[in-house]
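1. predicted model, plus sequence, below.
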Number of protein chains: 2
Amino acid sequence: MNDLKRKILGQLQVDLAQIEAALKDNLTPYLDLVSETARHILFSGGKRLRPLLMILAARLCGYRGVDDKMFSCVFEYLHAATLLHDDLVDDAELRRGKQAAHMKWGNETAVLVGDFLLARGLSIAAKTGSLKVIEIISEITENMSQGEIHQLQNKGNIDISENEYLEIIRRKTAILIQGACRVGAVIAGADEKKEAALSSYGYHVGLAFQMVDDLLDYLADTQTIGKKVGADLREGKLTLPVIVALNAAMPSDRRYMEKIIKNRAFSVEAFGKLIELLKKYGGIRYTQQLASENIQKACLALQVFKEGETRDLLADIARYALARKV
Amino acid sequence: MNDLKRKILGQLQVDLAQIEAALKDNLTPYLDLVSETARHILFSGGKRLRPLLMILAARLCGYRGVDDKMFSCVFEYLHAATLLHDDLVDDAELRRGKQAAHMKWGNETAVLVGDFLLARGLSIAAKTGSLKVIEIISEITENMSQGEIHQLQNKGNIDISENEYLEIIRRKTAILIQGACRVGAVIAGADEKKEAALSSYGYHVGLAFQMVDDLLDYLADTQTIGKKVGADLREGKLTLPVIVALNAAMPSDRRYMEKIIKNRAFSVEAFGKLIELLKKYGGIRYTQQLASENIQKACLALQVFKEGETRDLLADIARYALARKV
């Protein structure tokens, strides 16, 4: 564990424990199977990034209520719901090192428990008593489903553009993280300027977070990230490192890359060669650079707020989103 | 078409046309595939029972706004979302005489477009500006997913009780129709007594509607209902006619019925024999009777309102829900 992560976790111990408790307390299904499946996806080592960001955003805006932990569950439930549905859509085998829910309980249960988590999220959103919060949440869910469909439509599409990639990750990832930060501001009764600043912070952290996720699929090893390396490519998902390298590659290298991408059942050696090409043609560097720029924008947005512990923590989290190895 | 249906449709022509237009206008996805898939399930001859009931409930309570058609889309979108997910869960081949969406576009698209429709429903619910409406909608979605899971858990369960069956159809069907009627009252600003009356009306119509649906699976022919007769049993779904007959049957008949139920790939002859046994042991009669009692309760609940065209229409719809052959 690196120093930044240790520092962040040290400051967030109490919050994280309270989030865990809230996630358990607010699930309340009447069927054991729902409980079991939802817990499998909810309590398997998630980072709790989204609820944490909502809570910290609220704190930064002077929130004084006692319901922030409960409200923050919305974002983890929505996230877990999309994980259940996406793993099914991608036919993923592993999630955080454990068997994916649809493999363990079947597609049917994964679909329906995902629906339940979505509905629970909505119910808790309604408890904020804020129409604005509810509008944000419904906009998020619309965007996420469309982002996933957009991604699905581009499976195996060797010609997907950088812009299309950005549109997909904006909808499927950034808008939820942005929404978490924005809702934090809203429940704290922040003014428009602060709400916009936190919205911008979350948006850029979200984009960078997904870019790093897509990088790790090439740079980490299976044990560390808890899913198969090269999983994106096996699922036909072309992410930014590949898009950039494909566009820059000489014809012979491009043909080689296309062959691996189309094959999907590529060998470890072929995958290693592909990574070399991603490096050679700047796919890795470009993605790191773009993620880094987004983190800079995120930290810049925080300048609206006075210096202090919570602002520093949010800046640390942004930097960690970039530096993380898992 | 029988006289009652003709009479109802005659009075609802304008409303139905406006509902169709609203369902198209409020879909607004940014991807063609979402549009195509959503339209496939939305515009394939649905009865529009749920939006109609919301609109009529609002009218009965003196609603004078112009947004009732838009708001009513919530209930058709939620309904369509569950149809997409349920057909996938049940691996159904046909829906309203057309190929089911998951067969046509794959499970992935059916899951994600279902999520999109759920999210659209929620977005429109937020437009009512009423937290109460949003709470009702979120409660509905929680119940529906759990009802479906409950049903899934009982697939092939020969010992499912009448109470469990009632619990399942309450959650998966009745609560949505109840919610549509209740929301109609809420957006019209009705008092508690009227809201409770319409809630009760919708609840009982919903229960009866599902019981009749379950009966039609035994009594109608494929062409009329647009899906395979005996589909429930092939999917391992034991509904009230079967539950009642199983409990009343002599040992030898019960064994015969169990054999058919467990086989699933039963012949037309075996299915014909089963229907005879459902009749012999009162499964059909009992279900018709219970559905009829629920319709009586629904009509009784309407007595709170003054006599008039809209009240009569709601009573007619309740009676039609019982008498329908499709």
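-> Nice, thanks for sending it over.
2. can you give me the strands for chain A?
-> Taking DSSP state E as the test, the strands found in chain A are A:94-95, A:98-99.
3. surely residue A:102 meets residue A:110?
-> Yes: Residue A:102 is within contact range of residue A:110, at 3.7 Å (criterion: C-beta atoms under 8 Å). In this view, the C-beta of every residue, glycine as well, is placed from N, C-alpha and C.
4. which one is residue A:135 nearest to, not counting chain neighbours?
-> residue B:126 (4.8 Å; C-beta to C-beta, 6 or more residues apart in numbering or on different chains).
5. what does the stretch 1-150 of chain A put close to chain B?
-> Counting by C-beta under 8 Å from any C-beta of the partner chain, the residues of the stretch 1-150 of chain A close to chain B are A:29-31, A:33-34, A:85, A:88-89, A:107-109, A:111-116, A:118-120, A:122-123, A:125-126, A:129, A:131, A:134-135, A:137-139, A:141-142, A:144-146, A:148-150.
6. give me that answer again for 6 Å
-> A:31, A:33-34, A:85, A:89, A:108, A:111-112, A:115-116, A:119, A:122-123, A:126, A:134-135, A:138, A:141-142, A:145-146, A:148-149 (C-beta under 6 Å from any C-beta of the partner chain).
7. and stretch A:220-239, how far apart are its ends?
-> Start-to-end span of stretch A:220-239 (C-alpha to C-alpha, to the nearest Å) is 15 Å.
8. verify the stated contact: residue A:322 with residue A:294.
-> No: under the criterion of C-beta atoms under 6 Å, residue A:322 is not in contact with residue A:294, lying 8.4 Å apart.
9. mind listing the shared neighbours of the two?
-> Counting by C-beta atoms under 6 Å, 6 or more residues apart in numbering or on different chains, the contacts common to residue A:322 and residue A:294 are residue A:208.
10. counting neighbours, what do you get for residue A:5?
-> 16 (other C-beta atoms under 10 Å in any protein chain shown).
11. quick check: the gap between it and residue A:97.
-> 18 Å (C-beta to C-beta, to the nearest Å).
12. next: residue A:168.
-> Remark: distance between residue A:168 and residue A:97 (C-beta to C-beta) = 26 Å.
13. now do residue A:315
-> Counting by C-beta to C-beta - residue A:315 and residue A:97 are separated by 30 Å.
14. comparing the two, which residue is more hemmed in?
-> Neighbour count, other C-beta under 10 Å: between residue A:315 and residue A:97, residue A:315 has more, with 17 against 13.
15. correct me, but that one touches residue A:298?
-> No: counting by C-beta under 6 Å, residue A:315 sits too far from residue A:298 to count as a contact (8.1 Å).
16. what do these two both touch?
-> If you check residue A:315 and residue A:298 against C-beta under 6 Å, 6+ apart, no residue is contacted by both.
17. for residue A:179, which non-adjacent residue is spatially closest?
-> residue A:140 (4.5 Å).
18. with residue A:26 instead?
-> That would be residue A:73: by C-beta to C-beta, 6+ apart, it lies 4.8 Å from residue A:26.
19. so what pLDDT did that neighbour get?
-> On pLDDT, residue A:73 comes in at 97.
20. the residue in the stretch 151-300 of chain A that chain B sits nearest to - nearest residue in space that isn't next to it in sequence?
-> Nearest residue of the stretch 151-300 of chain A to chain B, counting by C-beta to the nearest C-beta: residue A:152, 5.4 Å away. Spatial nearest neighbour of residue A:152, chain neighbours left out: residue B:108 (5.4 Å); criterion: C-beta to C-beta, 6+ apart.
21. could you list the low-pLDDT ranges of the stretch 1-150 of chain A?
-> A:1 (pLDDT under 70).
22. in it, which spans are helices?
-> Per DSSP state H, counting those that start in this stretch, the stretch 1-150 of chain A carries helices over the ranges A:3-25, A:32-42, A:49-60, A:68-90, A:101-105, A:107-127, A:131-153.
23. to residue A:285, which of those helices lies closest?
-> Residue A:285 lies closest, by C-beta to C-beta, to one member of the helices of the stretch 1-150 of chain A: helix A:3-25, at 21.7 Å.
24. give the residue farthest from the middle of chain A.
-> residue A:252 (34.9 Å; C-alpha atoms, centre = their mean).
25. which other helices and strands contact the longest helix belonging to chain A?
-> Taking DSSP state H as the criterion, chain A has its longest helix at helix A:192-219. Using 3 or more C-beta pairs under 6 Å, 6 or more residues apart in numbering or on different chains; DSSP states H and E as the contact test, the elements touching helix A:192-219 are helix A:175-187, helix A:283-301, helix A:309-323.
26. got the residues of the stretch 151-300 of chain A near chain B?
-> A:152-153.
27. any weak-confidence spans in the stretch 151-300 of chain A?
-> Along the stretch 151-300 of chain A, the parts satisfying pLDDT under 70 run over A:221-229.
28. can you rerun that using 80?
-> A:220-229 (pLDDT under 80).
29. list the residues that contact residue A:132.
-> So residue A:132 contacts residue A:186 (C-beta under 6 Å, 6+ apart).
30. right, I'll call it a day here.
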